[in-house]
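>>> Output the structure for:
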Amino acid sequence: MTKADIVAQIVEETGLERTEALKAVEAFMNSVKGSLSKGQNVYLRGFGSFVVKERAEKTGRNISKNTAIIIPAHNIPSFKPAKTFVEEVKSNVKVD
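Just a heads-up that it's a prediction; the model follows:
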């Protein structure tokens, strides 16, 4: 499912104009990105949490030069689905 698919589904379910639905989806995404870039987590009850995780410094390898490089500690965005979300997906997804 793409952003366009999400916008189309919102339009169908709510009756909003397509441009308004697109603005709402983009505003939501910008809010989440902005909060995470400030180090603030976003919690959506029943859906999940967008959180900032800190990765520790580690040693990597440049395989083309066969040298060790240090990868500094850094933050990454992460999503943790709510327990009800996980249970719903588990019970409804059919594997062929």
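>>> How far off centre is stretch 22-33?
Here stretch 22-33 is found 12 Å from its chain centre; the criterion is Cα atoms, centre = their mean, to the nearest Å.
>>> Likewise for stretch 88-96?
With Cα atoms, centre = their mean as the basis, the mean position of stretch 88-96 lies at 21 Å from the chain mean.
>>> tell me the mean pLDDT for it?
The average pLDDT for stretch 88-96 rounds to 80.
>>> Touching it from outside, list them.
By Cβ atoms under 8 Å, 6 or more residues apart in numbering, the residues outside stretch 88-96 that reach it are residue 81. Just so you know, the C-beta spots here come from the backbone N, C-alpha and C atoms, and that holds for glycine as well.
>>> buried ones in it?
Buried positions in stretch 88-96, judged by neighbour count with 16 or more other Cβ atoms under 10 Å: none.
>>> All the strands of the protein, residue numbers only.
Defined through DSSP state E, the strands belonging to the chain, from first to last, are 42-44, 48-55, 58-62, 67-71, 74-81.
>>> For the second one, give the mean pLDDT please.
Averaged across strand 48-55, pLDDT comes to 96.
>>> Over to the first one?
Per-residue pLDDT values across strand 42-44 average out to 97.
>>> One more: the fourth one?
Taken as a whole, strand 67-71 carries a mean pLDDT of 94.
>>> what inclination does that strand have with respect to strand 58-62?
Interaxial angle of strand 67-71 relative to strand 58-62 (axes from the mean of the first three to the mean of the last three Cα atoms, to 10 degrees): 140 degrees.
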